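*Asks:* Sharing a sequence plus its predicted fold:
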Amino acid sequence: MELHLDAVERRVMGSLLEKDITTPEYYPLTLNALLAACNQKSNREPVMELDETAVRGALRSLEEKGLAGVARAEGRVTRFEHRMSEVLNLGRRESALLCTLLLRGAQTPGELRGRSERMHHLEDLDEVQLVLQKLMEHDPPLVKFLPRQPGTKEARFVDLFGGEESERGSNSGTGSGGGSGSGLTNELEAGGGANFAGSREERMAALESEIAQLRADFEALRQQFTEFRRQFDS
């Protein structure tokens, strides 16, 4: 199975993974919905302006690699789905972090925790470290550890699916820390832990996730109340 993805394939794959988790009611995606997901301005680095031809080409390539394809029995409108979680045997935690790396490139553990919150809640840095370790030890390895750079407080991690961001991340490192669990632990300890305060964008993402959960809870209560009233009306 070919795992190397170019920049467009990475964006298409990351978008399919994200929408599968965050908006399952609209997944699998139509071509127009996938195009909009690839070009959205939030939770994307860099922001891209892909056209339909580029997305179709990426879908064909991903299908040849066994990572995506046309969804089965989804009505008359053609819809597309990823097959990464099934092919690579990934759980929700692994899929959330890998999706965040595909959509936003190399990141610190704190950034990964904050930005993946809307897909899966990770309790603390220890859980982030555990999931990253599993991804690094996966066969084949899916994530690489990048040594801490001069002037930075924390190490970063990058996916190993190729593309421009992965290549830049791999070239920026010094030493061999690619798959070392001890290197991961040492760097995290040296960095003094992740700053979970996060950026303004990360805090906004966490608030949006909480609001979405509150809306879901309210809708569930509303339905329960409707059922309760129906018992007295009948």
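*Replies:* Looks like it arrived, so ask away.
*Asks:* drop to CA atoms for contacts and neighbour counts, all remaining ones
*Replies:* Noted.
*Asks:* Can you pull out the low-pLDDT segments for the protein?
*Replies:* 1-2, 73-74, 163-210, 212-214, 216-217, 219-220, 227-228, 231-234 (pLDDT under 70).
*Asks:* can you list the domains in it?
*Replies:* Domain assignment of the chain by automatic domain parsing yields the ranges 7-88, 92-190.
*Asks:* Out of the ones you listed, which one sits most buried?
*Replies:* When you average the neighbours per residue for each of those (mean count of other CA atoms under 10 Å), domain 92-190 leads with a mean of 19.
*Asks:* Now do it: distance to the chain's middle.
*Replies:* Between the mean C-alpha point of domain 92-190 and the mean C-alpha point of its chain there is a distance of 12 Å (CA atoms, centre = their mean, to the nearest Å).
*Asks:* Also stretch 63-78?
*Replies:* Shown here is stretch 63-78, whose average C-alpha point lies 20 Å from the average C-alpha point of the whole chain (CA atoms, centre = their mean).
*Asks:* returning to that earlier point: between the domains of the chain, which one is closest to residue 229.
*Replies:* Relative to residue 229, the nearest member of the domains of the chain by CA to CA is domain 7-88, separated by 27.7 Å.
*Asks:* Straight-line length of the closest one, end to end?
*Replies:* 20 Å (CA to CA, to the nearest Å).
*Asks:* now stretch 44-63
*Replies:* End-to-end span of stretch 44-63 (CA to CA): 23 Å.
*Asks:* And that stretch, how far out from the chain middle?
*Replies:* Taking mean C-alpha positions (CA atoms, centre = their mean), stretch 44-63 and its chain are 16 Å apart.
*Asks:* ok, back up a step: in TSV, list the domains of the chain along with distance to residue 215.
*Replies:* Supplementary listing: these in TSV, determined by distance: least, CA to CA, whole Å:
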stretch	distance to residue 215
domain 7-88	14
domain 92-190	14
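*Asks:* which one of those lies closest to residue 224?
*Replies:* With CA to CA, the closest approach to residue 224 among the domains of the chain belongs to domain 7-88: 21.0 Å.
*Asks:* gap between the closest one and the chain center?
*Replies:* On CA atoms, centre = their mean, the centre of domain 7-88 falls 13 Å from that of its chain.
*Asks:* Grab the nearest non-local neighbour of residue 87.
*Replies:* Residue nearest to residue 87 in three dimensions, not counting chain neighbours: residue 67, with 7.2 Å by CA to CA, 6 or more residues apart in numbering.
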